[in-house]
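# prediction below, plus the sequence it came from.
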Amino acid sequence: MPPLVRPDGQPEILTLPARQAPVIADADVLVVGGGPAGIGAAVGAAEAGASVILAERYGFLGGNATAALVTPLMSFFTHKPTEQKAGATTLFPTNHGSGNPVISGVLARLVNRLVELGGAIPPSLQTGYVVPFDPEIFKMVAFELLDNAGVKYLLHSLASGTIGNDEVRGVVFETKSSPVIIKALVTVDCTGDADIAARAGAAYEIGREADGLTEPLTLMFCMAEFQRSGFETYVKAHPDQWYGVHGLWDLIGKATAEGKLDLKREDILLFGTPHEREVSINSTRITKVNGIDIWDLTYAEWEGRKQINQIAEFLRRYVPGFAEAYVSRTGISIGVRETRRVIGEYRLTASDVLEARKFSDVIARGSYPVDVHNPRGKGTLLKPLPPREAYDIPLRCLLPRDVDGLTVAGRCISGSFEAQASYRVMPICVATGQAAGVCAAIAARRRKSPHELPHSEVQEELLRQGADLGNLG
């Protein structure tokens, strides 16, 4: 039985009764969303001296890192001008890094603690400068970071509205107990979808300029009892069939011809994890759907699990090393690459990214390629930055043009479709989160609008917290 589909025609509209909600807390800074951006924002704001509350819709922290099982932190290193060779390594990207890190601060503390607890492999040439991690240990480390910073948090709380006109002064959350309100002098939107900014009336964009389509949604999964040695033996014997983490083209073609596989992307994409007999798989693709549409999300979850079953069976039947492997876990929520992008005081462009542009109000940096997954079907376009270069993200990208009392962070900051295909990765989200939290904390302390702050004050505090701002550091 397929999922419920969007009704035809105009649905019946009912008027809901008015309701009341208790104000359960008041803070200098309210962070909405406990993913990578929210973790960075909450710690950054607290270390800048603010009282901070973080509200999260799930019963744990981590966002896409844990709920959607996006378990490698992609490279935050510049890359050297080296040529990638087919079959050179397995299970890790081979040319997304190798130079110098461009993000530090909260991200460095997160990565170091994961490694210390055995929950991550540190970035190196062996890993392609990504950081494979265990999502369960990530959840624990996220709580630890917030606890150490003195952040209070509320879980199982879904944001549904804002308080204030043209200036966010609080947020309404739906909970099992009742609707509740948390007030704050400044709110940081780390929902990924710009939910708070949109509900407050901020202007935004969705999708690419040509047709409004967004990048595909992906449901990730892990397989256990994977025999790495058997797989690597196959890769060494067939180097033309493997390109870093991508490949298996002949086997895909064979299974497709035999009617056993209908792969929606162009290749199988595998990532190693901290566990020798486990592999993370990013090969489902659901196109022409919108990650903020309930009908599309329902369909995508249904379609994603159908694709997982087929891909797992293909791996067991056709790929050496997978004969005894089984699906050990799937994302509890589909992975969404992009939805709303707030229109801020500055809109980062693809040229800014690919030309490694620098800005006087830099608050974070990125070095990840422009990585566009085809919104219509197969194909992934990678555009790297110049060797040894990184681009700046200006503070203005974190400030919605039409709303006050609010900063934004993560994948929903102000930028074009192609620029967002670089800055959406989790390490950069942590960095923009830390900056948005610091900006919010300073604005709250000084009783000023975030728009009125001199960027030098935000930069000074970020540097004090160990952030990497390039030449400013």
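Thanks, I have it. Residues are numbered from 1 along each chain as shown.

# residue nearest the centroid of this protein?
residue 426 (4.4 Å; Cα atoms, centre = their mean).

# need phi/psi at it.
phi -60, psi -40 (degrees, to the nearest 10).

# nearest residue to it in space, please, no chain neighbours.
residue 36 (4.3 Å; Cβ to Cβ, 6 or more residues apart in numbering). (Glycine included, C-beta is placed from N, CA and C.)

# list the contacts for that neighbour?
Counting by Cβ atoms under 8 Å, 6 or more residues apart in numbering, residue 36 touches 62-65, 410, 426-427, 429-430, 433.

# please redo it, this time with the cut-off set to 7 Å
Going by Cβ atoms under 7 Å, 6 or more residues apart in numbering, residue 36 touches 63, 65, 426, 429-430, 433.

# could you do residue 432 as well?
Contacts for residue 432 (Cβ under 7 Å, 6+ apart) come out as 37, 364, 393, 398, 409-410, 413.

# quickly find the element holding residue 232.
helix 228-237 (DSSP states H and E).

# what is that helix packed up against?
Using 3 or more Cβ pairs under 7 Å, 6 or more residues apart in numbering; DSSP states H and E as the contact criterion, no helix or strand is in contact with helix 228-237.

# one more time with 10 Å
With contacts taken as 3 or more Cβ pairs under 10 Å, 6 or more residues apart in numbering; DSSP states H and E, helix 228-237 sits against strand 242-243, strand 278-281.

# off-centre distance for the shortest one?
What that stands for is strand 242-243. Centroid displacement of strand 242-243 relative to its chain, using Cα atoms, centre = their mean, to the nearest Å, is 25 Å.

# adjacent strands (with direction) for it?
As defined by DSSP bridges, the strand partners of strand 242-243 come to strand 246-247 (antiparallel).

# same question, the last one
Neighbouring strands of strand 278-281 in its sheet, by DSSP bridges, are strand 221-224 (antiparallel), strand 268-272 (antiparallel).

# which helix or strand lies directly C-terminal to it?
Immediately after strand 278-281, counting by DSSP H and E, sits helix 294-318.

# convert the C-alpha atoms of the very next helix or strand once past that following helix to PDB, please.
Sequence order places strand 326-330 as the next helix or strand after helix 294-318, per DSSP H and E. Provided in PDB are the C-alpha atoms of strand 326-330 (Å, rounded to 0.1, in the frame of the first residue of the first chain):
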ATOM      1  CA  TYR A 326      23.100  -7.100   6.700                       C
ATOM      2  CA  VAL A 327      21.500  -3.700   7.200                       C
ATOM      3  CA  SER A 328      22.300  -2.800  10.800                       C
ATOM      4  CA  ARG A 329      20.700   0.600  10.900                       C
ATOM      5  CA  THR A 330      19.000   3.200   8.800                       C
END
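
# give me the buried positions along strand 326-330.
Of the residues in strand 326-330, those buried by neighbour count under the rule 16 or more other Cβ atoms under 10 Å are 327, 330.

# I'd like to know which elements that strand is packed against.
Helices and strands in packing contact with strand 326-330 are listed as strand 221-224, strand 278-281, helix 294-318; criterion 3+ Cβ pairs under 10 Å, 6+ apart.

# so what touches that strand?
68-69, 135-136, 219-226, 275, 277-281, 284, 301, 304-305, 308-309, 311-313, 315-316 (Cβ atoms under 10 Å, 6 or more residues apart in numbering).

# hmm, back to that, so which of the contacts of residue 36 wins on neighbours?
Neighbour count (other Cβ atoms under 10 Å) singles out residue 433 as the most crowded of these, with 35 neighbours.

# excluding chain neighbours, what is closest to it?
Nearest to residue 433 is residue 40, by Cβ to Cβ, 6+ apart, at 2.9 Å.

# one more: residue 408?
residue 189 (4.5 Å).

# can you give me the domain assignment for the chain?
Domains of the chain are assigned by automatic domain parsing as 23-83+100-212+338-472, 221-330.

# just the ones you listed: most buried one?
Compared across the domains of the chain, domain 23-83+100-212+338-472 shows the largest average neighbour count, a mean of 22 (mean count of other Cβ atoms under 10 Å).
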